[in-house]
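1. The amino acid sequence is not available; the structure is as follows:
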Ligand SMILES: *Cc1c(COP(=O)(O)O)cnc(C)c1O
């Protein structure tokens, strides 16, 4: 299969973009769904923004290097990647904080309804944020209802204020149908919040076309913005006048530098901002996002599917499918850009695989998760990764004591 892989690599329209990343030699990286690797331009920007801007131009950089505009500049870079028109996306805070803002605002817009429906296996922070709001507002104003992914549509009723969904399940990789679910919710007067953590930069997203109300997402996964890079928030234009998020900080004020002693919300997407932007990380993100200007998301999706299908075929050829049970949808169109496998010793296998030069990750309780980031991953990489996995699994090398110890971050 190596020859097949090499052939697929020669046909790859994204091949030239791989050299934009500073990946270490000898490492095959299958964890770009958790932390994207370092773009060379981002590394250069880190030096420029510290030594060149902060170090040299000091506070004048807010104007001179447009630090103050970074939230909207990055927002405009992200917008086309998620199918959003201009002036609807800003970059700020984390997904968790942005979820709090958006859910609070959406609940306030639905004053005669109180249920927030989400999936029972949604990412924990999404669930926790609703739990926090429920505690703060009381169940009369915010009641969390968790349902199975297969029961979403039938759970929607006239008491439902907000439907909160993560488009790509972080464990299984299942891709929800944004168009169908958004329209089913709208028919019942429900506002929809989409979490795009595992979608942005991985699958084509069409927020405007599918009539999404609000969305949040992070930039450190497929968008390669760096560890802890700031997140983003999308508010559809039609909601911006009524949208009032509760962390009413000065950056969301209509005129922050008038230093008014009472809050007057910006009428634009900037109302979603709260405090001072993290300039160092947002500058690095700005450089990382520049890569996407020339990238066609249909190529990204086509390669992502081809990579994951190749991986499944390679596991099959190497006789590994008996050992590792795939829990992701087997129909490629029904999943995002990752595959998840169940194995009793997933954690140790993942650690031993890392020792062999292949980085993937583990998700409790027993999942080995593999991300396929099409910008820098080759088919030949995948073949070599599978051969190494076969060695790890068949030799039972993972049973070694050193691979059993749980690290703080998995
Ligand atoms: C990664 C991820 C997050 C992370 O939230 P932060 O607040 O940015 O740390 C949230 N939701 C989903 C679905 C994720 O996959």
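-> Looks like it arrived, so ask away. Since this is a predicted model, take the numbers as computed values, not measurements.

2. rest of the way, CA atoms for contacts and neighbours
-> Fine.

3. what's around residue 284, how many residues?
-> 25 (other C-alpha atoms under 10 Å).

4. What residues does the nearest residue to residue 133 once chain neighbours are set aside make contact with?
-> Distance criterion C-alpha to C-alpha, 6 or more residues apart in numbering; nearest residue to residue 133, sequence neighbours excluded, is residue 142 at 6.7 Å. Residues counted as contacts of residue 142 (C-alpha atoms under 8 Å, 6 or more residues apart in numbering) are 107, 114, 115, 116, 130, 133, 134.

5. didn't the third one look like it was pressed against residue 159?
-> This points to residue 115. Yes: assessed by C-alpha atoms under 8 Å, residue 115 is found in contact with residue 159 at 6.0 Å.

6. ok, the two, which is more surrounded?
-> Set residue 115 next to residue 159 and count neighbours by other C-alpha under 10 Å: residue 115 wins out with 24 against 16.

7. who's in contact with that one?
-> 141, 142, 143, 144, 145, 159, 160, 161, 162.

8. For the chain, which residues are neighbours of the ligand?
-> 94, 95, 96, 123, 125, 126, 166, 170, 195, 197, 198, 218 (C-alpha under 6 Å from any ligand atom).

9. out of these, which are buried?
-> 94, 95, 96, 123, 126, 166, 170, 195, 197, 198, 218 (16 or more other C-alpha atoms under 10 Å).

10. any chance of these in TSV, with pLDDT and secondary structure too?
-> As requested, those are arranged in TSV below (pLDDT from 0 to 100; DSSP: H, G, I helix; E, B strand; the rest coil):
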residue	pLDDT	secondary structure
94	98	coil
95	98	helix
96	98	helix
123	98	coil
126	98	helix
166	98	strand
170	97	coil
195	99	strand
197	98	coil
198	98	coil
218	98	coil
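
11. hmm, which two among these are most spread apart?
-> 94 and 170 (16.7 Å; C-alpha to C-alpha).

12. so which strand or helix has residue 162?
-> Element membership for residue 162, per DSSP states H and E: strand 160-166.

13. Other residues contacting stretch 316-332?
-> In contact with stretch 316-332 (C-alpha under 8 Å, 6+ apart) are residues 172-174, 305, 308-309, 315, 335, 339-343, 386-387, 390.

14. go with 7 Å
-> Contact with stretch 316-332 is made by 172, 173, 174, 305, 315, 335, 339, 340, 341, 342, 343, 390, as judged by C-alpha atoms under 7 Å, 6 or more residues apart in numbering.

15. How about the third one, nearest residue that isn't a chain neighbour?
-> This means residue 174. Using C-alpha to C-alpha, 6+ apart, the nearest residue to residue 174 is residue 335, at 4.4 Å.

16. I figured that neighbour hits residue 172, correct?
-> No: shown here, residue 335 and residue 172 do not form a contact pair, counting by C-alpha atoms under 7 Å, at 8.1 Å.

17. Excluding residues flanking it in the chain, which one is nearest residue 247?
-> residue 274 is the one closest to residue 247 (C-alpha to C-alpha, 6+ apart), at 6.0 Å.

18. Which residues lie in contact with the one you found in this structure?
-> Residue 274 sits in contact with 247, 248, 249, 250, 251, 252, where contact means C-alpha under 7 Å, 6+ apart.

19. Among the residues of the chain next to the ligand, which pair sits farthest apart?
-> 94 and 170 (16.7 Å).

20. dump the residue contacts of the nearest residue to residue 198 once chain neighbours are set aside.
-> The shortest distance from residue 198 to any non-neighbouring residue, by C-alpha to C-alpha, 6+ apart, is to residue 168 (5.6 Å). By C-alpha under 7 Å, 6+ apart, the residues touching residue 168 are 174, 175, 176, 198, 199, 336.

21. now do 10 Å
-> The contact partners of residue 168, taken as C-alpha atoms under 10 Å, 6 or more residues apart in numbering, are 122, 174-177, 194-200, 202-203, 334-338.

22. In ChimeraX, how would I select the buried members of those residues?
-> In ChimeraX, this line selects whichever of the contacts of residue 168 come out buried by 16+ other C-alpha under 10 Å:
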select :122,174,175,176,194,195,196,197,198,199,200,202,203,335,336,337,338
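
23. now for the helix-or-strand element of the chain with minimal mean pLDDT, which elements pack on it?
-> Each helix and strand of the chain was given a mean pLDDT (mean pLDDT, DSSP states H and E); the minimum falls on strand 361-363 at a mean of 94. Applying 3 or more C-alpha pairs under 10 Å, 6 or more residues apart in numbering; DSSP states H and E, one finds that strand 361-363 contacts strand 338-342, helix 346-355, strand 367-371.
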